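Student: quick one: sequence plus predicted model below, questions after.
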Amino acid sequence: MKKLLVVCGPTATGKTKLALYLAKKFSGEIVSADSRQVYKKMNIGTGKDLPANTKLEIKKLGPTSTPRLVGYYSVDRTCIWGYDIASPKKEFSVSHYTKYAREIIRDIYKRNKLPILVGGTGLYIKAVVDGIETANVLKNQGLRNVLEKLSVAELFEKLSQMDSIKAASLNSSDRKNPRRLIRAIEVAQSKIINHEKIGKPSAARIIDEDTKIYFIGIKTDWEALKKRIVKRVEKRISDGIEDEIRKLFSAGVTWEMQSMTSLGYRQFREHFEGKISKEEVIKKWQSEEIKYAKRQLTWFNKEKRIKWFEVNSEKDMKSVEKEVKRWYDEKDDKKS
RNA sequence: GCUGAGAUGGCGGAGCGGCCAAUCGCACCAGACUGUAAAUCUGGCGCCCGAACGGGCUACGUAGGUUCAAAUCCUGCUCUCAGCA
């Protein structure tokens, strides 16, 4: 029976550090579940703070006849997957992530290692662990262009006509969320065209259904976390995020691109346009980052499978290790 | 010292006699989330009672006044800003 370890929690809690530690102990490989660290050339702002002894390696994946080259980082001989897999000029979504993660995780199993899914993007983790049935329904830009002109009431009405069950299932928040409504209509249309043939959960699965999963969540004192975020933003400023942004621009990135909606980048827009001072950028970034951490907490708190740990020291990491070990050594209760 | 403008909830800023516990934005609190998820969206936000319809109390610098009714009109005072001295 296969195993999967998950390390999640809000930003600035030291997920990667813990994951690297556990990877060493259980011969694991890290798979990042982070919607921003996928972008190349975005290092400072997305916090890919890799140790100095990090090396970029290349591996061949896919069929031997037509192999693909996939890059990964190696920290002290521990592999980290999922960084720098997309261009900041291109769109990226859970669907792209899912395809990538499936290939990587399968490969990790092939080498008899333990995949450790690490990240703060709840949806990406969910996609790996539970699968998203409709993830492969392609984006339909033409349809979106039309729908974008409609009001939420009109969108909801349209959805109700196309898929009343889906419409009824939406909560009061999503009924007023144009982005969600548009996607729901997109999916509904695809279902109609393909005669309902998309919702095969098995096809959406990344890991085997009987995979043993251990969910670790890193919990910290909220006030302390806020302070850490404030400090970390200051560090990223002094590390030169502004310069990083300039380089992105000279590489052809623009403010309108999805990658630039990332925290720490988007806040600079008004400053670059001469509207606000750098001090204001810092303040905004900090408060946005704190709000983001709150949103993550809201998401993860709902995930009942998570076992929460406070991890502030080497000692704490050891006690996490102990728990993981118990799970890791557990005999497969079912005859495999 | 004179003249003019203004003082509104944690902040910014509407309202200029009744529909005002007061539009809106920010901040704050809570929540949602199945191809943009560091994205997007929702609710709450003077105090007290109530599950809720609702009710009570205190509030728009301050003290008075006019009025059935005032954040809104009048007067004094205090303070702030601009111009003149």
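Tutor: Yep, that arrived.
Student: got the end-to-end distance for stretch A:77-95?
Tutor: Stretch A:77-95 has an end-to-end distance of 29 Å (criterion: CA to CA, to the nearest Å).
Student: any residue of it touching RNA strand B?
Tutor: Yes: using CB under 7 Å from any atom of the strand, stretch A:77-95 reaches RNA strand B at A:91-95. Glycine gets a C-beta too; all of them are placed from N, C-alpha and C.
Student: quick one: which of the residues you listed is nearest residue A:5?
Tutor: The closest of the residues of stretch A:77-95 next to RNA strand B to residue A:5 turns out to be residue A:94 (CB to CB; 20.6 Å).
Student: give me the neighbour count for the residue lying closest to that closest one once chain neighbours are set aside.
Tutor: Nearest residue to residue A:94 in three dimensions, chain neighbours excluded: residue A:127, at 5.0 Å (CB to CB, 6 or more residues apart in numbering). Neighbourhood size, residue A:127 [other CB atoms under 10 Å]: 22.
Student: hang on, residue A:127 in a helix?
Tutor: Yes: secondary structure of residue A:127 (DSSP: H, G, I helix; E, B strand; the rest coil): part of a helix.
Student: wait, which of the residues of stretch A:77-95 next to RNA strand B is closest to residue A:247?
Tutor: residue A:92 (19.4 Å).
Student: so the closest one, which of the three states?
Tutor: coil.
Student: give me the pLDDT value at it.
Tutor: What the model reports as pLDDT for residue A:92 is 97.
Student: so who does it touch?
Tutor: Residue A:92 makes contacts with A:35, A:38-39, A:86, A:258-259, as judged by CB atoms under 8 Å, 6 or more residues apart in numbering.
Student: quick one: residue A:28 from residue A:79, how far?
Tutor: The spacing between residue A:28 and residue A:79, counted by CB to CB, to the nearest Å, is 9 Å.
Student: neighbour count: those two, which is higher?
Tutor: residue A:28 (24 against 19).
Student: now do that one against residue A:4, distance only.
Tutor: For residue A:28 relative to residue A:4 (CB to CB), the value is 10 Å.
Student: between these two, which contacts overlap?
Tutor: Residues touching both residue A:28 and residue A:4 by CB under 8 Å, 6+ apart: A:114-116.
Student: check which residues of stretch A:274-290 are buried.
Tutor: A:276, A:281-282, A:284-286, A:288-290 (16 or more other CB atoms under 10 Å).
Student: quick one: contacts for the nearest residue to residue A:28 once chain neighbours are set aside?
Tutor: Leaving out its chain neighbours, the residue that sits closest to residue A:28 by CB to CB, 6+ apart is residue A:114, at 3.9 Å. Contacts for residue A:114 (CB under 8 Å, 6+ apart) come out as A:3-5, A:23, A:26-29, A:108, A:328.
Student: filter the residues you listed by proximity to RNA strand B?
Tutor: Okay, of those, nothing touches RNA strand B (CB under 7 Å from any atom of the strand).
Student: just the buried subset of those residues, please.
Tutor: Neighbour counting over the contacts of residue A:114 (16+ other CB under 10 Å) leaves A:3-5, A:23, A:26, A:28-29, A:108, A:328 as the buried ones.
Student: can I get these in JSON lines including secondary structure?
Tutor: Listed next are the buried ones among the contacts of residue A:114 as JSON lines, based on three-state DSSP:
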{"residue": "A:3", "secondary structure": "strand"}
{"residue": "A:4", "secondary structure": "strand"}
{"residue": "A:5", "secondary structure": "strand"}
{"residue": "A:23", "secondary structure": "helix"}
{"residue": "A:26", "secondary structure": "helix"}
{"residue": "A:28", "secondary structure": "strand"}
{"residue": "A:29", "secondary structure": "strand"}
{"residue": "A:108", "secondary structure": "helix"}
{"residue": "A:328", "secondary structure": "helix"}
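Student: out of those, the closest to residue A:181 would be?
Tutor: Among these, residue A:4 lies closest to residue A:181 (CB to CB), at 33.3 Å.
Student: the closest one pairs with what?
Tutor: Note on residue A:4: beta-bridge partners by DSSP bridges are residue A:213.
Student: check contacts around it.
Tutor: Going by CB under 8 Å, 6+ apart, residue A:4 touches A:105, A:114-117, A:128-129, A:207, A:211-214.
Student: what do you get if the cut-off is 10 Å, keeping everything else the same?
Tutor: Residues near residue A:4 by CB atoms under 10 Å, 6 or more residues apart in numbering: A:28, A:31, A:105, A:108-109, A:114-117, A:128-129, A:206-208, A:211-215.
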